[in-house]
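**Q** Quick one: sequence and predicted model below, then my questions.
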Amino acid sequence: MTVMANLDLTEPEPDCASDGVWLTCIECDEQFAPFEEVRYTCDSCDGLLEVRYADLPTWEDFEGQGVWRYSDALPVDSGVSLPEGATPLHDVPRLEDDIGVNRLRVKHEGMNPTGSFKDRGMTLGVKVAQRVGVDRLACASTGNTSAALAAYGARGGMETLVLLPAGKVAAGKVAQASLHGARILEVDGNFDTCLDIVQDMATMGEVYLLNSLNPFRLEGQKTIGLEIMEQFRDEEGDYPDRIVLPVGNAGNTSALYKCFRELVKSGAIEEDDVPKLTGIQAAGAAPMVEAIENGWEATERWEDVETRATAIRIGNPVNAPKALPGIRATGGTAAAVSDEEITRAQRELAEEGVGVEPASAASIAGLRKLREEGVIDSEESVVCLTTGHLLKDPEAAAEAGAEPEPVPGTTEGVLDHLD
Ligand code: F0G
């Protein structure tokens, strides 16, 4: 299949636009009004939709902090907010030295309100749901999207439904969805099956879909890129050469690429300033890596997927038509890492005080691997994205960490034990 994605942002504002905002199909160019009807993909060809703008802002237009600092780059002015964004860009000097790059910073998205980057998309997605007038929200999830949807749906006073692959979601994430009051449907199947079902339900009008197929969610996630560019430039004097991130459904990769296209179009950065998007998957769930390595225009669905990094245990990345061109156009690449490499990276980040869940550590594992292979140069400045907090998956953290040591209940006994 040849996919000629329309990603160049050159079209003039169409009549269907509302306040300079509209939706465009990246496959057939058809344009739609943004909020009048509920729509996730193109009516004509089922292609992915992108939010487009008549005016794109530049750095001077942003004020405040967090996701809504960037409201001029978003389709609505405010969100259902907890609030989100403004996450730290950690220094990790020992890792930087050990891996051997000029500069390494870690953008820890686990520091968002529900502990993952999904909050950035949900603050916007739930607001748009209110604007289009729906009341029952749903998603398929490997866990983090469901936690974010449950919290933001609760905040917005809306009903939420989450479809999870039974037995394959980390405990912290299920607990969040549960306490925030989502109805949790444990599906006998993997994430891709859950997404098939929830997409069917959305098409039937049963629920409003808040997976990353929803183009509005990706607009919120775009702010990770805006934040990285501003923080890195202000602290390091220049933009990073490369951004390395874990990939599942490839929503984040798509969102970052859109961020960079818009920054170039607005004149905020030069084409040369765009960081190389580098996507990392677990070896047991790596259809994007397969497509990049083989030069394919589309991914092939993997029916059997397995990895310790359950957040990215995904065989059919629905945003691949947006993300593959992004990786290629920015001069980036994709790589697969083993579960052992992921665990090692999780420990290494923890040794720097940065606690992440396994999927997040894939970015560091991938950087190390690509550096060792010489794909990434020692002169490069790199930002690794860590997408979820350590506490999301307490079991994985305990397995990767040290064993507790039983001691007697006396000071003497404890001191004896330490000797
Ligand atoms: N890292 C974490 C911690 C995630 O939860 C996810 C996706 C990704 C990376 C991959 O991001 O899909 O944009 O490429 N989690 C989704 C979920 C699928 O349901 O929580 P992506």
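**A** Here it is on my side, so go on.
**Q** tell me which parts of the chain are close to the ligand?
**A** Counting by C-beta under 6 Å from any ligand atom, the chain comes close to the ligand at 116, 118, 141-145, 212, 246-253, 311-312, 357, 359-360, 387-388. In this view, the C-beta of every residue, glycine as well, is placed from N, C-alpha and C.
**Q** Repeat the analysis, applying 5 Å as the threshold.
**A** 141-142, 144-145, 246-252, 311, 359, 387-388 (C-beta under 5 Å from any ligand atom).
**Q** Low-confidence regions, the chain specifically.
**A** Low-confidence segments of the chain, defined by pLDDT under 70: 1-5.
**Q** try 90
**A** Scanning the chain for pLDDT under 90 picks out 1-6, 8, 135.
**Q** Just the residues of the chain next to the ligand: which are in strands?
**A** Pro246 (DSSP state E).
**Q** roughly how far out does the top helix by length along the chain sit from the chain middle?
**A** Within the chain, and with DSSP state H defining each element, the longest helix by residue count is helix 215-236. How far helix 215-236 lies from its chain's middle: 12 Å, per C-alpha atoms, centre = their mean, to the nearest Å.
**Q** picking that back up, which ones among the residues of the chain next to the ligand map onto helices?
**A** Going by DSSP H, the helices hold Asn144, Thr145, Gly251, Asn252, Ala359 from those.
**Q** how about the strands of the chain, start to end?
**A** Along the chain, counting by DSSP E, strands occupy 21-25, 31-32, 49-53, 89-91, 103-108, 136-140, 159-165, 183-187, 208-209, 242-246, 276-282, 333-337, 381-386.
**Q** for the longest helix of the chain, packing partners?
**A** Helices and strands touching helix 215-236, by 3 or more C-beta pairs under 8 Å, 6 or more residues apart in numbering; DSSP states H and E, are strand 49-53, strand 89-91, strand 103-108, helix 118-132, helix 251-266, strand 381-386.
**Q** In CSV: the ones you listed, plus mean neighbour count.
**A** Formatted as CSV, the helices and strands packed on helix 215-236 follow (neighbours: other C-beta atoms under 10 Å):
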stretch, mean neighbour count
strand 49-53, 22
strand 89-91, 17
strand 103-108, 23
helix 118-132, 27
helix 251-266, 24
strand 381-386, 27
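**Q** Save the ones you listed as JSON lines, and put in distance to Val414 too.
**A** Below are the helices and strands packed on helix 215-236 laid out as JSON lines (distance: least, C-beta to C-beta, whole Å):
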{"stretch": "strand 49-53", "distance to Val414": "59"}
{"stretch": "strand 89-91", "distance to Val414": "33"}
{"stretch": "strand 103-108", "distance to Val414": "34"}
{"stretch": "helix 118-132", "distance to Val414": "41"}
{"stretch": "helix 251-266", "distance to Val414": "45"}
{"stretch": "strand 381-386", "distance to Val414": "35"}
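**Q** between these, which one is nearest to Trp59?
**A** Closest of the helices and strands packed on helix 215-236 to Trp59 is helix 251-266, at 9.0 Å (criterion: C-beta to C-beta).
**Q** helices and strands around the closest one, which ones?
**A** helix 215-236, strand 242-246, strand 276-282, helix 320-329.
**Q** OK, contacts around Thr168?
**A** No, residue 168 isn't Thr; it's Lys. By C-beta atoms under 8 Å, 6 or more residues apart in numbering, the contact set of Lys168 is Thr142, Asn190, Phe191, Thr310, Arg313.
**Q** Out of the residues you listed, which two sit at the greatest distance?
**A** Asn190 and Thr310 (10.2 Å).
**Q** between the two, who's got more neighbours?
**A** More crowded of Asn190 and Thr310, by other C-beta atoms under 10 Å: Thr310, with 27 against 23.
**Q** List the residues that contact the more buried one.
**A** Applying C-beta under 8 Å, 6+ apart, we find Thr310 in contact with Thr142, Gly143, Lys168, Val169, Ala170, Pro358, Ala359, Asp393.
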